[in-house]
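A.B. asks: Return atomic coordinates for the entry below.
(chains A and B)
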Amino acid sequence: MSETITITINGREIKAEPGTTILRAAQSANIYIPTLCDNDELTPWGSCRLCMVEITQKQRTRMVASCIYEVADGITVQTETPRVSNVRKLVIELMLARNPYHAKLKELAAYVGVAKSRFDVDLKECILCGECVRVCREVVGVSAIGYKGRGNERVVATPFEGPAVDCIACGSCSYICPVDAIPLKEENGIRTIWNTEFAMQKCKKCGRDMAPIKQLEYFQKNYNLPDNHFDTCIHCRT
Amino acid sequence: MEKITSPEQLKALQESIVAKRDPDKACVTVCAGTGCLAYGTQKLIDNFKKEIKDKKLEDTVSLRSSGCHGFCERGPIVVNYPDKTFYQRVGLDDAAEILEKTVANGEVIDRLLYEEPVTGEKITLETDVPFYNKQMRLLLAQNPEIDPVNVDDYLAVGGYQALGKALSAMKPEGVIQEVIDANLRGRGGGGFPAGWKWDATRKAEGDIKYVICNADEGDPGAYMDRSLLEGNPHSILEGMLIGAYAIGSSQGYIYVRNEYPLAVTNATLAIENARKLGLLGDNILGSTFSFDVKIVRGGGAFVCGESSALFASIEGRSGEPRAKYVHATDKGLYDKPTCLNNVETWANVPLIINKGAAWYQSIGTEGSKGTKIFALVGKINNTGLVEVPMGTTLKEIIYDIGGGIPDGREFKAVQTGGPSGGCIPKEYLDTRVDFDELTKLGSMMGSGGMIVMDDRNCMVDVALFFLRFLEEESCGKCTPCREGVHQMRIILERITKGKGKEEDIDTLQWMGEAIADGSLCALGRSAPAPVLSTIRYFREEYEAHIRDKKCPAGVCKALITYTINADCTGCRLCVKPCPTQAITGEKKQLHTIDQDKCIQCGACYEICKDAAIIVA
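C.D. replies: Sure thing, here's the model as predicted:
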């Protein structure tokens, strides 16, 4: 086991294992740093820039994204400085211009002290945190969605913006989205996501919809489950 | 081609090539850089070939199509060796005349000579042309001397001798020490000491290490890397070979943008020829050192010049940067220790090894050593590539070498450092150009683009131009760059349309600082620079747009009107070019512009000989 590292966050000494990010070290000590693109289950991404903090190391002070910056001996971290506050305010104002309504963003805006975005609204809902793309690739393992375009034209999309051919309709992207920008609809035995319809498997005993057939096939194939494994729903299984 | 198996054999080969060549034989050198080719120079070269063949002059005249000579403003360029008679703006059908008069009879063709614009004096020899003789051409010096597709030409001017010296007489650590002592700083823009980078890569743990040549030059108007790579590709390979030997790397990449087809072709050929000579491959020059280079072509995204995005692109992923909290020297390409340097940086390496760190140290300023190539473009008489020692003043570059501003107009600013650099006003023309001085002025060295602007450039419009470029080139990964630059552009556009708000300048400054602090990579961190530097030096121009709804430079269409004053002689010259038929008036009578029809295109202004069109 390698040795524990000690860093200072807002004047408090905090111990962390090597490889821990500043964000996780802060969270372990109940120091709040706002985040949007961070998720425990996903690779740190560093794109929303809400978690910026000011660090001082070897007498050099700079701004880093705490979700990807790993702890190192002798680092002093400040999570609430004027520079940090300015970046957070800008990020929130910019996000509000894409999505002015969502409660999560309004809550963060209140925390960082933004009453209203000074930018005109160009409604896009999605804030491009990338959690959906990462969960699909890293957790589900199908990479059914990715990015299209660059700069302000960037969108999360299915291949060629056509039907979601590799999607198994598991809904992880919709579930993980912090601003509920990925609609998932289920009615009459059909789940609709990414503008694509997926038939639901019905329980052979009770007739209730269980899960998308494609998702169950994906599990069967990947975990070598018997053909009849998903014939009955969890409630009807004995 | 036979493989060379020792440094001695390399030396012998060089001597035999030189011995076979007659230094007094006439050699017509035609610049075949991309700039001159765009003038149609290929036809000129073909004409020379045909004439030489038809008149059976092969024994007395040789023809060399070389890399870029740098004086792009005056292309097509022909230099007649050995005396270096310099011809410029050569007509594509002038080949026969040059061969008959100049080459055969030593007669100078007056019309093709360079005329000094101020004195009107005609200059015969290349070495007397002010554009050239005020430069210090170390890296570009070989361009006119060699045909980039002919490896013998490079060997003849002493090519690969630095590699021979490094492999036979220097330890890897010694090579690194030499580069550290020389204080060679990265020419791609960052100015990071190359030797330190090499040292860190050498010391990093890893079985495979990569060296990369970054030829993803994307700054608008900058083309020094292209000219080096297409004009002298072996010098880049030699630099990379020496670096790889020092670092302990066996694989290199040249990442070059696909928009540089000639650079791709010439570099590919150079690699093939170097392999044939055993200068790439296993056991180079009989040593235990093995190294090879692959070319990867970029798709033209500006952000791929950023090292971590460049790695992603080579790996086959989309070119998005990642945070550089782990250094590339530890985990770069394919997570292996990687040393990435710019084309010009690599080109410096053979010079340093050949002539030594002490010599290199003697050129330049305290913190920036050696020369730097600048692409001098914009409102400047002598557009071209300028290589000067670090510490040369802006004034010397723009006036002494660049020949000043065309049409007697007034210098207003120079943009250095590419789109994310800054605009420097005339008060700072005496600034000695090096990495540190430009940073102090809120601009940067960047890769060496220098765009000169005159009093007819609106600084708000200039900032808008660069911001539009950066907005388009932002990869879109992080919020401040993707959304912030986009919103800054919207505000700037509003200002140029006369709809600016009083608080806009403060908002832009506040945003600029937060974007610089919050962005993930260097593109975003430096993206606000064009706006911040123009506000810093030309604030009154912003204020004129916002408060007075005026564009002092007469550029922003929504804020200007064209009118005709009493100087009009009624020549009707302006009537025809007007695309909206807004100008009326009889011959020899005062003309008028119908403001409802005028679209402020400026066609009348450009053509008027009486300076009777007033922009306000």
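A.B. asks: What residues are bridge-paired with the nearest residue to residue B:293 once chain neighbours are set aside?
C.D. replies: Distances taken as C-beta to C-beta, 6 or more residues apart in numbering or on different chains put residue B:252 closest to residue B:293, at 4.2 Å, once the chain neighbours are dropped. Using the backbone N, CA and C atoms, a C-beta is placed for each residue, glycine as well. Beta bridges link residue B:252 to residue B:211, residue B:293, judged by DSSP bridges.
A.B. asks: How far off centre is stretch A:171-178?
C.D. replies: Its chain's C-alpha centre and that of stretch A:171-178 lie 8 Å apart, by C-alpha atoms, centre = their mean, to the nearest Å.
A.B. asks: Please apply the same query to stretch A:4-15.
C.D. replies: On C-alpha atoms, centre = their mean, the centre of stretch A:4-15 falls 27 Å from the chain's centre.
A.B. asks: Can you give me the end-to-end span of it?
C.D. replies: Terminal residues of stretch A:4-15 are spaced 6 Å apart (C-alpha to C-alpha, to the nearest Å).
A.B. asks: picking up where we left off before, the residue nearest to residue B:293 touches residue B:214, doesn't it?
C.D. replies: No. At 11.6 Å, residue B:252 does not count as touching residue B:214 under the criterion of C-beta atoms under 8 Å.
A.B. asks: Spit out the contact partners of residue B:145.
C.D. replies: B:66, B:153, B:157 (C-beta atoms under 8 Å, 6 or more residues apart in numbering or on different chains).
A.B. asks: out of those, which touch chain A?
C.D. replies: Among the contacts of residue B:145, not one lies near chain A by C-beta under 8 Å from any C-beta of the partner chain.
A.B. asks: Now the buried members of the residues you listed.
C.D. replies: Applying 16 or more other C-beta atoms under 10 Å in any protein chain shown to the contacts of residue B:145, the neighbour count classes B:66, B:153, B:157 as buried.
A.B. asks: In helices only, show me the residues you listed.
C.D. replies: residue B:153 (DSSP state H).
A.B. asks: Quick check: of the buried ones among the contacts of residue B:145, which lies closest to chain A?
C.D. replies: For the buried ones among the contacts of residue B:145, the minimum distance to chain A (C-beta to the nearest C-beta) is 37.8 Å, reached by residue B:66.
A.B. asks: my read: the closest one touches residue B:28, true?
C.D. replies: No. Using C-beta under 8 Å, residue B:66 is not in contact with residue B:28; the gap is 10.4 Å.
A.B. asks: Okay, helices next: where are they in the stretch 401-550 of chain B?
C.D. replies: B:435-440, B:459-473, B:479, B:485-496, B:504-518, B:522-526, B:529-543 (DSSP state H, counting those that start in this stretch).
A.B. asks: okay, these in TSV with mean neighbour count next?
C.D. replies: Formatted as TSV, those follow (neighbours: other C-beta atoms under 10 Å in any protein chain shown):
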stretch	mean neighbour count
helix B:435-440	17
helix B:459-473	23
helix B:479	29
helix B:485-496	22
helix B:504-518	20
helix B:522-526	22
helix B:529-543	22
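A.B. asks: Let me have those helices in JSON lines, extended by distance to chain A and mean pLDDT.
C.D. replies: Formatted as JSON lines, those follow (distance: least, C-beta to the nearest C-beta, whole Å; pLDDT from 0 to 100):
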{"stretch": "helix B:435-440", "distance to chain A": "16", "mean pLDDT": "90"}
{"stretch": "helix B:459-473", "distance to chain A": "6", "mean pLDDT": "95"}
{"stretch": "helix B:479", "distance to chain A": "5", "mean pLDDT": "96"}
{"stretch": "helix B:485-496", "distance to chain A": "4", "mean pLDDT": "97"}
{"stretch": "helix B:504-518", "distance to chain A": "4", "mean pLDDT": "96"}
{"stretch": "helix B:522-526", "distance to chain A": "9", "mean pLDDT": "91"}
{"stretch": "helix B:529-543", "distance to chain A": "14", "mean pLDDT": "94"}
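A.B. asks: now these as a markdown table including distance to residue B:356?
C.D. replies: Listed next are those as a markdown table, based on distance: least, C-beta to C-beta, whole Å:
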| stretch | distance to residue B:356 |
| --- | --- |
| helix B:435-440 | 22 |
| helix B:459-473 | 40 |
| helix B:479 | 49 |
| helix B:485-496 | 45 |
| helix B:504-518 | 40 |
| helix B:522-526 | 33 |
| helix B:529-543 | 37 |
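A.B. asks: Figure out which of these is closest to residue B:112.
C.D. replies: helix B:459-473 (36.1 Å; C-beta to C-beta).
A.B. asks: gap between the helix or strand just after that closest one and the chain center?
C.D. replies: Using DSSP states H and E, the helix or strand that follows helix B:459-473 in sequence is helix B:479. Distance of helix B:479 from its chain centroid, counting by C-alpha atoms, centre = their mean, is 31 Å.
A.B. asks: try stretch B:301-313
C.D. replies: The answer for stretch B:301-313 is 19 Å, by C-alpha atoms, centre = their mean.
A.B. asks: next one: stretch B:225-241
C.D. replies: With C-alpha atoms, centre = their mean, you get 14 Å for stretch B:225-241.
A.B. asks: of all the residues in chain A, which ones are close to chain B?
C.D. replies: A:46-50, A:52, A:63-65, A:68-70, A:83, A:86-87, A:89-91, A:94-95, A:97-98, A:118-120, A:127-128, A:130, A:147, A:149-154.
A.B. asks: circling back to that earlier point, dump the buried ones among the contacts of residue B:145 into a markdown table; add pLDDT as well.
C.D. replies: Output for the buried ones among the contacts of residue B:145, formatted as a markdown table (pLDDT from 0 to 100):
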| residue | pLDDT |
| --- | --- |
| B:66 | 96 |
| B:153 | 96 |
| B:157 | 95 |
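A.B. asks: re earlier: any idea how far residue B:1 is from the residue nearest to residue B:293?
C.D. replies: The spacing between residue B:252 and residue B:1, counted by C-beta to C-beta, to the nearest Å, is 21 Å.
A.B. asks: and residue B:455, what does it touch?
C.D. replies: Residue B:455 is in contact with B:409-410, B:412, B:553, counting by C-beta under 8 Å, 6+ apart.
A.B. asks: returning to what we had before: just the buried members of the residues of chain A next to chain B?
C.D. replies: A:46-50, A:52, A:63-65, A:68-70, A:83, A:86-87, A:89-91, A:94-95, A:97-98, A:118-119, A:127-128, A:130, A:147, A:150-152, A:154.
A.B. asks: Which members of those are positioned in helices?
C.D. replies: A:83, A:86-87, A:89-91, A:94-95, A:97-98.
A.B. asks: got the contact list for the residue positioned nearest the centre of chain A?
C.D. replies: Against the mean C-alpha coordinate of chain A, by C-alpha atoms, centre = their mean, the closest residue is residue A:131 at 3.0 Å. Neighbour list for residue A:131: A:37, A:39, A:42, A:173, A:176-178 [criterion: C-beta under 8 Å, 6+ apart].
A.B. asks: Among the residues you listed, name the buried ones.
C.D. replies: Neighbour-count burial (16+ other C-beta under 10 Å) is assigned, among the contacts of residue A:131, to A:37, A:39, A:42, A:173, A:176-178.
A.B. asks: Kindly reformat those residues as TSV containing pLDDT and secondary structure.
C.D. replies: Formatted as TSV, the buried ones among the contacts of residue A:131 follow (pLDDT from 0 to 100; DSSP: H, G, I helix; E, B strand; the rest coil):
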residue	pLDDT	secondary structure
A:37	95	coil
A:39	95	coil
A:42	95	coil
A:173	97	helix
A:176	97	helix
A:177	96	coil
A:178	96	coil
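A.B. asks: Out of those, flag the one nearest to chain B.
C.D. replies: Among those, and counting by C-beta to the nearest C-beta, the member closest to chain B is residue A:37, at 8.9 Å.
A.B. asks: Do I have it right that the closest one meets residue A:130?
C.D. replies: Yes. The criterion here is C-beta under 8 Å, and residue A:37 meets it with residue A:130 at 5.9 Å.
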